[in-house]
Structure formats: structure tokens, C-alpha cells
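# model the structure of this input:
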Amino acid sequence: MVVIIKSDLTKRRLLMYKQVMLLGVLLEKPMYGQQIREFIEAHHDLFANHIKKPTIYYQLERLVADGYLEIRRETVEAPGPGAAHEDVALRERDVYYITEQGKDYFSTLLRDMISKFTPGLSEVDACLYFLHHLTAEEACKLLHERFLLVEAYHSTVVQMMASNHTSDAAHQLVNDHKLTLLEAEMRWLKHTIEQIRTGALQFPPTAPATHSALATNSID
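Okay, the predicted model is just below:
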């Protein structure tokens, strides 16, 4: 039962994350679907990595059904489909407008998400419970590989911030938060690797036999 509750909470927070982003974008100005997607890709790279085109349209339709958005068929300047993307002309598009109910819902989401903290599920935390199935040498090797990936991503964010001199306060806050979390992860990885190497965390000299290996031996 606890696992189900946690899973439901995680799904709920992910839904709120998508909704607050889409509503926030449409608070800036009304847009049609392709405009919304391109705006997110250009200005909200972190969000763009977690929401694909079909998901955007699905979430928009949900927000319309709930009364938070409304659709108006309008003639706007828009690119053509596919290969005609560069051909901008007056075309009919479904433009999304945030409603008064949507503005109220956005304000509620914004305040709730800023003030609350929901512990997330971490794949590495789940695996740490079973780290003793590896030798100390292999555990250190794998954790070091993770460290290099985190370090590389950290460098990418730093370079991006350095090259983007016109970044607004909101993006600076997001990137600063991101860097702080990445730096904490790197410190933890260094500390953990050192603990394993010095023997502060005890590991068997060789990895214990897995369930499948034991089953094979018993058959022989």
C-alpha cells in the first residue's frame, strides 16, 4: 500500500509539473500548439527534455476539458507543415487561451509546488541496498563512471550559463539550483568511493554468487 501511495504521489507531482509549465507559458501570451512546443524548446530546455510533442497536445486537451484553457480558431502567421516549415504565411490554427479559472489554478499550483517537498524515487538509491552484490573494486568503478557523467553534465550547464549573458533571473535561479544539486551529488560520490576504498564500508573480496549462478550449480 505504501508503494502505491508513493507512486500515485510521484505521478501527481509530474502531472502538476507539466500543467504549471504549460499554463505559465500561456500566461505570457496565447499560442497555438506548434508555437507552444517551439517556445518550450527555446526557453525551457529542462522541461523540453521531459515532455514530447504528443504529451504536450494531450496535456493541452486535458486542460481544455477541465476548463483551464479555451481554444479559439484564428488566422495567424504560422509556418507550413513538414518541409514547408520555413514558408510562413497566414494560416488557420487552434490558439490556446488561459481562462480565469486557469489563472486561479496556475496560482494554486505555483504556490503549492514552491512550498512543498516531495522525496522522489531514485534508481541509485534502490541499487545501493544491493551494492554488496558487487566487489569493492567494481562498486568504485561504477560509481566513478556515474561521477564522470554528472561532472560532464555539470560542465555543460556551466558553459551554457557562461555563454548566455542575456539569461533572465528565472533561468539563473533554475541553473543555480541545478548546479547546487549536481555539486552535492559529486561530493557524495567522491565521499562514498573513498569510504569503500579505505574499507570504511565493508565489501566481500569477490562478488557473492547470484541466484541464477546458485541454481546452475545445484543442477550440476
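# switch to C-alpha atoms for all contacts and neighbour counts from now on
Will do.
# secondary structure class for the spatially most central residue of the chain?
The centroid of the chain falls nearest to His50 when counting by Cα atoms, centre = their mean (5.1 Å). Using DSSP: H, G, I helix; E, B strand; the rest coil, the structure places His50 in coil.
# now the element after the helix or strand where Asp125 lies, going C-ward?
In this structure, Asp125 sits in helix 123-128 according to DSSP states H and E. The C-terminal neighbour of helix 123-128 among helices and strands, as given by DSSP H and E, is helix 136-163.
# what is that following helix packed up against?
helix 169-198 (3 or more Cα pairs under 8 Å, 6 or more residues apart in numbering; DSSP states H and E).
# what's the offset of the helix it packs on from the middle of its chain?
Here helix 169-198 is found 16 Å from its chain centre; the criterion is Cα atoms, centre = their mean, to the nearest Å.
# which elements pack onto it?
Using 3+ Cα pairs under 8 Å, 6+ apart, helix 169-198 sits against helix 136-163.
# ok, back up a step: now the helix holding Asp125 - C-alpha only, PDB.
Output in PDB follows, covering the C-alpha atoms of helix 123-128 (Å, rounded to 0.1, in the frame of the first residue of the first chain):
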ATOM      1  CA  GLU A 123      17.300   4.400  -9.200                       C
ATOM      2  CA  VAL A 124      20.700   4.700  -7.500                       C
ATOM      3  CA  ASP A 125      19.200   4.600  -4.000                       C
ATOM      4  CA  ALA A 126      17.400   1.400  -4.900                       C
ATOM      5  CA  CYS A 127      20.600  -0.100  -6.100                       C
ATOM      6  CA  LEU A 128      22.600   1.000  -3.000                       C
END
